[in-house]
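**Student:** fold the following.
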Amino acid sequence: MNVGKFYRSAVPGCHVGTKVHGSDDRDIKNALQNWKRKLKDAGTLQEFKDKREFIKPSERKRKQKDHAVYFQKIEQRRMDE
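**Tutor:** Sure thing, here's the model as predicted:
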């Protein structure tokens with residue numbers, strides 16, 4: 001019965017861990033790709049990067065507003081054409 005290897009990792013400071021199954025040592029490349037994909041899909045890595053420095057709530061709101069205005073302008077241009 002070949003159970004395979006079991007790779008486990010957790011990002012420091014984050015309560016969410018990621019588990020990846022691999023069959024042998026040559027499969028580590030695929031396991032690493034799967035691990036990266038799972039971290040990206042879960043948003044864990046982005047959350048970890050966002051917590052590196054503090055962003056004031058007013059700055060976060062301003063950035064969100066600027067982002068919305070930008071996409072609203074793009075949508076308006078599409079409607080005018």
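**Student:** neighbours of residue 45, how many?
**Tutor:** 16 (other CB atoms under 10 Å). C-beta coordinates here come from the backbone N, C-alpha and C atoms, glycine included.
**Student:** confirm that it sits in a helix.
**Tutor:** Yes: using DSSP: H, G, I helix; E, B strand; the rest coil, the assignment for residue 45 is a helix.
**Student:** any idea how far it lies from residue 78?
**Tutor:** According to CB to CB, to the nearest Å, residue 45 and residue 78 sit 33 Å apart.
**Student:** low-confidence ranges, this protein, go.
**Tutor:** Filtered on pLDDT under 70, the chain yields the residue ranges 1-26.
**Student:** quick check: longest helix of it.
**Tutor:** Identified as the longest helix of the chain according to DSSP state H is helix 57-80.
**Student:** in that helix, what counts as buried?
**Tutor:** Residues of helix 57-80 classed as buried: none (neighbour count, 16 or more other CB atoms under 10 Å).
**Student:** over to stretch 44-52?
**Tutor:** So, applying 16+ other CB under 10 Å, buried residues of stretch 44-52: 44-45.
**Student:** same thing with stretch 33-47?
**Tutor:** Buried residues in stretch 33-47 (16+ other CB under 10 Å): 34-35, 39, 44-45.
**Student:** what about dumping the CA coordinates of that stretch to CSV?
**Tutor:** Output in CSV follows, covering the C-alpha atoms of stretch 33-47 (Å, rounded to 0.1, in the frame of the first residue of the first chain):
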residue,chain,number,x,y,z
GLN,A,33,3.4,24.4,-7.3
ASN,A,34,0.2,23.1,-5.7
TRP,A,35,1.2,24.6,-2.4
LYS,A,36,1.7,28.0,-4.0
ARG,A,37,-1.6,27.8,-5.9
LYS,A,38,-3.5,26.9,-2.7
LEU,A,39,-1.9,29.8,-0.9
LYS,A,40,-2.9,32.2,-3.7
ASP,A,41,-6.4,30.8,-3.9
ALA,A,42,-7.0,31.0,-0.2
GLY,A,43,-5.6,34.6,-0.1
THR,A,44,-3.3,33.6,2.8
LEU,A,45,-0.1,34.9,1.1
GLN,A,46,-1.7,38.3,0.2
GLU,A,47,-3.0,38.7,3.7
